[in-house]
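>>> Compute the structure for the input listed below.
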Amino acid sequence: MSNKVCKRTSIAGQALIEGILMRGPKKTAIVCRKPGEDMVVKVEPTGTMSHGAWARLPVIRGVVSFWDSMKFGMSALMYSADFMEEEEAETQSRFDAWLERTFDSEKLEKVMMGLALVFGIAIPIVLFILLPTYLAGFLGNSLPSVVRNLIEGGFRICIFLAFLYVTSRQKDVHRTYMFHGAEHKTIACYEAGLELTVDNVRTRSRLHPRCGTSFLFMVMLISILFFSLFSWSNVWVRTATRLAMLPVVAGVSYEINRFAGRHDNWLTGLLRAPGLALQRMTTAEPTDDMMEVAIEAMNRVIPENEDEDNW
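From the prediction side, this is the model:
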């Protein structure tokens, strides 16, 4: 069956542990379940249009989208982690006991959410921004600044690709990648104007041009161009420069990804190609029960006005 697109939606999703997050213009839905069990649905009245008109301005909307994906994504991941099959510890650690004595359940949840958000933002920055900068620092001053910046960009892409490859080989992560595939196929089914059923979703492609994987790879490429404009200095200045430019890089990358997702021609096909290739590692064909979870999440965030979620 053809994967013809009738509409391009701004509804975006994220694979979770035994579940899926979907964000529409006015609502965010989290749907989780263990295999063979009933779905648990959590809907929040906060969507992609909740920030106001200023957050939809070019470039700024990319920064806002990047922040929201980290904030809501980490929150949803922690929520979905409760549905993992875990063996309960027979004894409570001293640290756990101290946490329970120090914080009540509501405060403890906020503390853990804050820590998760900090680590969720810090780890990608350290891995994909700071680590390549420090590795390139070992090159010394024998090469021109532009060349060293390009080599740093090469390190950044290699680390990113290695990270995707290693995680794709982990059995525990593979199931999450199957949910990722279910999310993509469900969004594609909705964009094709088909009824959201398992049979229809199954026929769609698991690769989607507006995936977060494509966006992250675009960030890697754009960072090479932006960072190459700055001459090298000491390691602390280089680090500060990279961090200061990150919002700009994210905003510009979002606009390029948005352009590539809204048009179909040779140029946009070229821009989409690397991200679609990477999705072969970060997505897998889902099972029927996974597609049911994705459909439920999607139905919860589709707006009443069909034009509100146009990309």
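
>>> Can you pull out the low-pLDDT segments for the stretch 1-150 of the chain?
1-5, 35, 82-121, 140-141 (pLDDT under 70).

>>> Quick one: the helices in it, in order.
Taking DSSP state H, counting those that start in this stretch as the test, the helices found in the stretch 1-150 of the chain are 60-81, 94-102, 105-125, 131-137, 145-168.

>>> For the fourth one, which helices and strands make contact with it?
With contacts defined as 3 or more CB pairs under 8 Å, 6 or more residues apart in numbering; DSSP states H and E, the packing partners of helix 131-137 are helix 145-168, helix 235-262. Just so you know, the C-beta spots here come from the backbone N, C-alpha and C atoms, and that holds for glycine as well.

>>> mind giving me a markdown table with the ones you listed and columns for distance to Ser75 and mean neighbour count?
Formatted as a markdown table, these follow (distance: least, CB to CB, whole Å; neighbours: other CB atoms under 10 Å):
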| stretch | distance to Ser75 | mean neighbour count |
| --- | --- | --- |
| helix 145-168 | 21 | 16 |
| helix 235-262 | 20 | 17 |
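
>>> Could you provide the ones you listed in a markdown table, with additional columns for distance to Met49?
A markdown table is the format used below for the helices and strands packed on helix 131-137 (distance: least, CB to CB, whole Å):
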| stretch | distance to Met49 |
| --- | --- |
| helix 145-168 | 30 |
| helix 235-262 | 15 |
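
>>> among the ones you listed, which is nearest Arg61?
Closest approach to Arg61 among the helices and strands packed on helix 131-137 (CB to CB): helix 235-262, 6.7 Å.

>>> What residues sit buried inside the next helix or strand after that closest one?
Using DSSP states H and E, the next helix or strand after helix 235-262 towards the C-terminus is helix 266-282. In terms of neighbour count (16 or more other CB atoms under 10 Å), helix 266-282 has its buried residues at Thr268, Leu271, Arg272, Pro274, Gly275, Leu276, Leu278, Gln279, Met281, Thr282.

>>> does the residue nearest to the last one when sequence neighbours are not counted sit in a helix, a strand or a coil?
This means Thr282. Residue nearest to Thr282 in three dimensions, not counting chain neighbours: Thr213, with 5.0 Å by CB to CB, 6 or more residues apart in numbering. Put simply, Thr213 is helix when judged by DSSP: H, G, I helix; E, B strand; the rest coil.

>>> before we move on, back to that, what two of the buried residues of helix 266-282 are the furthest from one another?
Thr268 and Met281 (21.9 Å).

>>> just for the stretch 151-300 of the chain, where's the confidence low?
For the stretch 151-300 of the chain, counting by pLDDT under 70, the residues that fall below are 231-234.

>>> make it 90
151-174, 209-246, 257-258, 260-266, 268-269, 271, 274-275, 278, 281 (pLDDT under 90).

>>> Next up, the contacts around Pro132.
Pro132 is in contact with Glu152, Gly153, Phe155, Arg156, Ile159, counting by CB atoms under 8 Å, 6 or more residues apart in numbering.

>>> ok, the fourth one touching Phe226?
The one in question is Arg156. No: Arg156 is not in contact with Phe226 according to CB atoms under 8 Å; the separation is 11.9 Å.
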